[in-house]
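[1] Model the structure of this input:
(2 chains)
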Amino acid sequence: MSTGQFLVAFLAAAAAGTAVFFHAERHKVRHPSAWASFVFLFLIVGLPAYALHVRRLKRRRYAPDMSAAFLVLSSFLASAVEMVEALTIVLAAGLARGWRSSLTGVAAATVALAAVVAALGPALTVVPLNALRLTVGAVLLVFGLQWLRKAILRASGYKALHDEDAIFARSLAEAEHAGRVAGGGIDWYGFTLSFKGVFLEGLEVAFIVLTFGSTQGSIPLAATGAGVALVLVAGVGVAIRAPLSRVPENAMKFAVGTMLTTFGIFWSVEGAGAHWPGSDLALFAVLAFVGASSALLVNTLRNQRTALAAVGADA
Amino acid sequence: MSFVSAFGRFWWDFVVGDDWRAAAGVIAGIAATVMLAHASVAAWWLLPPVVVAVLYVSLRRATRADAA
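    Got it, this is the predicted structure:
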């Protein structure tokens, strides 16, 4: 063996050993140093042995994982809500400006979203789990609180309810009255309307899937929830060719806001280095606490609004 | 507006929204949890009530602005 060949083999084994060490640490596989040394010394046998060991562990871990169901459900609800909104915009663009431009916009936005997910997904998986949970938990909590705040304001009557029929009528009227911006066989107004609608709503879906998936250790599981929502919403949308106004969107938004806030609290505390009593079961206690507090806030604000209206009527 | 400031503005609106004080309150709550956990004090109980209190204050501010 030449010196060059030895150097290449040495570097490959060292890189594989290091990767195994970080992977084992991140996924809480026992004896990471031993596995790393084993792979470094016996690369050909060690790497497949490690892969098989990890697969067996994953199967054992996921079987009784209650938070996995919660993860898929949250991802499904959040994605369905966003996709219903995107569908309304795409339908308005398609009916007013032509389906070719609208569907080209959808395709372009899908490619752009795939690029965002492909860039951020692998980057998130190399961050150490506690740092990831603290950062993602904090961002998710801030983001989720925004959803919950708006949902509470809607439920208590301080903010107008989300009405897909009204949004559809407004978007359709705007699209019909806008001037034609044609070029290359595409109407660019219709393209841009569809692209913006799908990209901006899709970005929220991508954000939720990536944050939920990476902190829970399974992006595919979170993506499954989003995938089911996509198939369902797109299928119904194609079948009826009208906005899905019967979907209980406001109630779903309330549920998603509650879930995002719950996950944000749970992961922020874990990432901070504190431990929940009862481990994963605490997730349900946090959900109950956030849900009950939100319901109480809705009730308080409703009463406050009624009292204000009564004072206004008396005066 | 330059591309960088427009990009920053987009992400700020996307994550933080229209009440930056609520975001600041949540971050302060997480920072306090980190400090307690590092001092080996049980810290899991702190964040849930902090979040609900922040939400209450934020909603009060929003509804007061609406009533006025």
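
[2] Just list the residues touching the residue nearest the centre of chain B, thanks.
    Closest residue to the average C-alpha location of chain B: B:Ala23 at 1.9 Å, with C-alpha atoms, centre = their mean. Contacts here follow C-beta atoms under 8 Å, 6 or more residues apart in numbering or on different chains; on that basis B:Ala23 touches A:142, A:145, B:15-17. No exception for glycine: its C-beta is placed from N, CA and C like everyone else's.

[3] what bits of the stretch 1-150 of chain A have low per-residue confidence?
    Per-residue confidence of the stretch 1-150 of chain A (counting by pLDDT under 70) places the weak regions at A:1-4, A:59-67, A:124-125.

[4] buried set for stretch A:29-37?
    A:29, A:32, A:35-36 (16 or more other C-beta atoms under 10 Å in any protein chain shown).

[5] Chain B: which of those residues is nearest?
    A:Pro32 (23.3 Å; C-beta to the nearest C-beta).

[6] What does the residue in the stretch 101-250 of chain A that chain B sits nearest to show for phi and psi?
    Sorted by distance to chain B under C-beta to the nearest C-beta, the residues of the stretch 101-250 of chain A start with A:Gln146, at 3.9 Å. In terms of degrees, to the nearest 10, the main-chain angles of A:Gln146 are phi -60, psi -50.

[7] Name the nearest residue to it, sequence neighbours excluded.
    For A:Gln146, the nearest residue in space outside its immediate sequence neighbours is B:Gly17; the separation is 3.9 Å by C-beta to C-beta, 6 or more residues apart in numbering or on different chains.

[8] Next one: the one you found from A:Ala295, what distance?
    For B:Gly17, the distance to A:Ala295 (C-beta to C-beta, to the nearest Å) stands at 22 Å.

[9] can you check A:Ala123 too?
    Separation of A:Ala123 from A:Ala295 (C-beta to C-beta) stands at 38 Å.

[10] that older thread, scan the contacts of B:Ala23 and report the most crowded one.
    By neighbour count, taken as other C-beta atoms under 10 Å in any protein chain shown, the most surrounded of the contacts of B:Ala23 turns out to be A:Leu145 (27 neighbours).

[11] how distant is the helix or strand of chain B with the lowest mean pLDDT from the center of its chain?
    Every helix and strand of chain B was ranked by mean pLDDT, DSSP states H and E. The lowest is helix B:3-15, at a mean of 79. How far helix B:3-15 lies from its chain's middle: 17 Å, per C-alpha atoms, centre = their mean, to the nearest Å.

[12] Which positions in that helix come out as buried?
    If you call a residue buried by 16+ other C-beta under 10 Å, then helix B:3-15 has no buried ones at all.

[13] just the CA coordinates of that helix, formatted as CSV?
    Taking Å, rounded to 0.1, in the frame of the first residue of the first chain, the C-alpha atoms of helix B:3-15 are listed here in CSV:
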residue,chain,number,x,y,z
PHE,B,3,-32.8,43.3,0.1
VAL,B,4,-31.1,42.5,3.4
SER,B,5,-33.5,44.7,5.4
ALA,B,6,-36.5,43.4,3.5
PHE,B,7,-35.4,39.8,4.2
GLY,B,8,-34.8,40.6,7.9
ARG,B,9,-38.2,42.3,8.1
PHE,B,10,-39.9,39.3,6.5
TRP,B,11,-38.5,36.8,9.1
TRP,B,12,-39.2,39.2,12.0
ASP,B,13,-42.9,39.4,10.9
PHE,B,14,-43.0,35.7,10.3
VAL,B,15,-41.7,34.6,13.7
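
[14] That one packs against which elements?
    Under the contact criterion of 3 or more C-beta pairs under 8 Å, 6 or more residues apart in numbering or on different chains; DSSP states H and E, helix B:3-15 touches helix A:129-155, helix A:188-216.

[15] buried sites along the next helix or strand after it?
    Later in the chain than helix B:3-15, the nearest helix or strand by DSSP states H and E is helix B:20-38. Applying a neighbour-count criterion of 16+ other C-beta under 10 Å, one finds B:22-23, B:25-26, B:29-30, B:33-34, B:36-37 buried in helix B:20-38.

[16] orientation of the helix or strand following helix B:20-38 relative to helix B:20-38 in degrees?
    Of the helices and strands lying after helix B:20-38 in sequence (DSSP H and E), the nearest is helix B:47-67. Here helix B:47-67 runs at an angle of 170 degrees relative to helix B:20-38 (axes from the mean of the first three to the mean of the last three C-alpha atoms, to 10 degrees).

[17] which other helices and strands contact helix B:47-67?
    Based on contacts counted as 3+ C-beta pairs under 8 Å, 6+ apart, the elements that helix B:47-67 packs against are helix A:129-155, helix A:249-271, helix A:282-314, helix B:20-38.

[18] Just name the most buried of those helices.
    Across the helices and strands packed on helix B:47-67, the average number of neighbours (mean count of other C-beta atoms under 10 Å in any protein chain shown) peaks for helix A:249-271, which reaches a mean of 24.

[19] What about A:Ala51, how many residues nearby?
    Counted with other C-beta under 10 Å, the burial measure for A:Ala51 works out to 12 neighbours.

[20] for chain B, which spans come out with low pLDDT?
    Counting by pLDDT under 70, chain B contains low-confidence ranges at B:1, B:65-68.

[21] Apply 90 and report the result again.
    For chain B, the stretches with pLDDT under 90 are B:1-19, B:40-42, B:61-68.

[22] picking that back up, the residue of the stretch 101-250 of chain A closest to chain B and B:Phe14 touch, don't they?
    No: contact criterion C-beta atoms under 8 Å: A:Gln146 and B:Phe14 do not qualify, at 9.2 Å.

[23] can you tell me how far the nearest residue to A:Lys253 once chain neighbours are set aside sits from A:Ala295?
    When the adjacent residues along the chain are set aside, A:Lys253 lies closest to A:Ala151, with 5.0 Å between them (C-beta to C-beta, 6+ apart). Here the criterion is C-beta to C-beta. By it, A:Ala151 lies 11 Å from A:Ala295.

[24] If we look just around chain B, which residues of chain A are in range?
    Listed as neighbours of chain B in chain A under the rule C-beta under 8 Å from any C-beta of the partner chain: A:134, A:137-139, A:141-143, A:145-146, A:148-149, A:152-153, A:158, A:203-204, A:207, A:261, A:265, A:268-269, A:272-277, A:282, A:286, A:289-290, A:293-294, A:297, A:301, A:304-305, A:308.
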